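Make a model of this:
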Amino acid sequence: MYKKPLDRITEILNKIDNDELLLLKGHLLLEEFILNRLVLEFGDKVVKRLDLTFQKKVILFAGVSKHDLNDDLIKLILDINSARNKFAHHLDSEPRALILDIIQKAYGDLPKTITRKSTYINALRKVFYYMLGQITGVTEMHLVLKK
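Have a look, this model is predicted:
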């Protein structure tokens, strides 16, 4: 059954109140949504055959969507990828400092109550909502223009 992208995003992200899991699941959603756009552009077989890393998928996505995106969004997605890689590949890493840096880049400044767990988690969620919303918009626009 088809789920609207926003429903899928909220269904997954709203259940998570742990920064580590939110970073990992949010990253997976980014990859899924970027792949959806690439499959629309090139077809499923071509995308699978390319076997691209996340970073290369983002770069290709930016290339096919260049008129519909701003560079800050692409940088933010790549920052998320960098934070996720540092966290996922080092057992002793703590994602909080990396996540705070991402939140600050997305918001321009940190919320005053960022030390509260709920503010911190909600701020990270909103960063993912923003990125996934932008990717969804680009994908939906491509579908409409393709008709």
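
quick one: pLDDT of Lys4?
Predicted confidence (pLDDT) for Lys4: 70.

Could you do Met1 as well?
As predicted, Met1 sits at a pLDDT of 44.

At the geometric centre of the chain, which residue do we find?
Leu30 (3.5 Å; Cα atoms, centre = their mean).

Helices of the protein, start to end?
5-13, 19-42, 44-50, 54-64, 71-88, 96-107, 117-146 (DSSP state H).

worst-scoring helix or strand of this protein, pLDDT-wise?
The helix or strand of the chain with the poorest confidence is helix 5-13; it has a mean of 87 (mean pLDDT, DSSP states H and E).

And that one, what's buried?
For helix 5-13, a neighbour-count test (16 or more other Cβ atoms under 10 Å) marks Pro5, Arg8, Ile9, Ile12, Leu13 as buried. Just so you know, the C-beta spots here come from the backbone N, C-alpha and C atoms, and that holds for glycine as well.

Next up, the contacts around the spatially closest residue to the third one that is not a sequence neighbour.
What that stands for is Ile9. Among residues not flanking Ile9 along the chain, Leu132 sits closest, at 5.2 Å (Cβ to Cβ, 6 or more residues apart in numbering). Leu132 is in contact with Pro5, Ile9, Leu29, Leu30, Phe33, counting by Cβ atoms under 8 Å, 6 or more residues apart in numbering.

want to try CSV for those residues, with distance to Ile121 as columns?
Output for those, formatted as CSV (distance: Cβ to Cβ, whole Å):
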residue, distance to Ile121
Pro5, 21
Ile9, 15
Leu29, 16
Leu30, 17
Phe33, 21
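
Cool, thanks, talk later.
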